[in-house]
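# Provided below are the primary sequence and the corresponding predicted coordinates.
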Amino acid sequence: MILIDGIFLNSLGGKSLLKQLINHIELCNISAYYIIDTRSKCEFLHIQQSRIKYVNASILKRHKFYKKHDLEKVHSFSTHSYVCSN
């Protein structure tokens, strides 16, 4: 499963690219889970709710989510990078 991290994206170019990517993933029935900035919630209501989590833009909340799910690979559009360490 792919994790798409859309936290900190709530305007213009980055959000537009994120929407295009998510639409493509959904169209191709690719197994994915999304974490999306709560400010963009209304734009992703078409996604099955069991595959999406809305999070307030917070590096600490992102860190907790990543640690809880023990992720190895994450695709993020954010300029606020996070390095997973074991």
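Now that the structure is in, tell me what you want to look at.
# pLDDT-wise, which helix or strand of this structure ranks last?
strand 75-76 (a mean of 74; mean pLDDT, DSSP states H and E).
# Output the contacting helices and strands for that strand.
Judged by 3 or more CB pairs under 8 Å, 6 or more residues apart in numbering; DSSP states H and E, the packing partners of strand 75-76 are strand 2-6. Backbone N, C-alpha and C define where each C-beta goes, glycine included.
# Can you name every helix or strand that the strand it packs on contacts?
helix 12-27, strand 32-37, strand 75-76.
# Quick one: residues contacting the residue lying closest to Ile4 once chain neighbours are set aside.
Once flanking residues are discounted, Ile4 sits nearest to Tyr34: 4.8 Å by CB to CB, 6 or more residues apart in numbering. Applying CB atoms under 8 Å, 6 or more residues apart in numbering to Tyr34 gives the contacts Leu3, Ile4, Asp5, Gly6, Ile22, Phe44, Ile47, Arg51, Ile52, Lys53.
# Now, of those residues, which are buried?
Leu3, Ile4, Asp5, Gly6, Ile22, Phe44, Ile47, Ile52 (16 or more other CB atoms under 10 Å).
# Export the residues you listed to TSV and append columns for pLDDT and distance to Lys64.
Output for those, formatted as TSV (pLDDT from 0 to 100; distance: CB to CB, whole Å):
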residue	pLDDT	distance to Lys64
Leu3	86	14
Ile4	89	18
Asp5	88	13
Gly6	88	17
Ile22	92	23
Phe44	91	21
Ile47	92	22
Ile52	94	17
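# between those residues, which is closest to His69?
Leu3 (7.7 Å; CB to CB).
# ok, the closest one touching Ile30?
No - Leu3 is beyond contact range of Ile30, at 11.9 Å (criterion: CB atoms under 8 Å).
# which intervals of the protein have sub-threshold pLDDT?
For the chain, applying pLDDT under 70 flags the ranges 70-73, 78-86.
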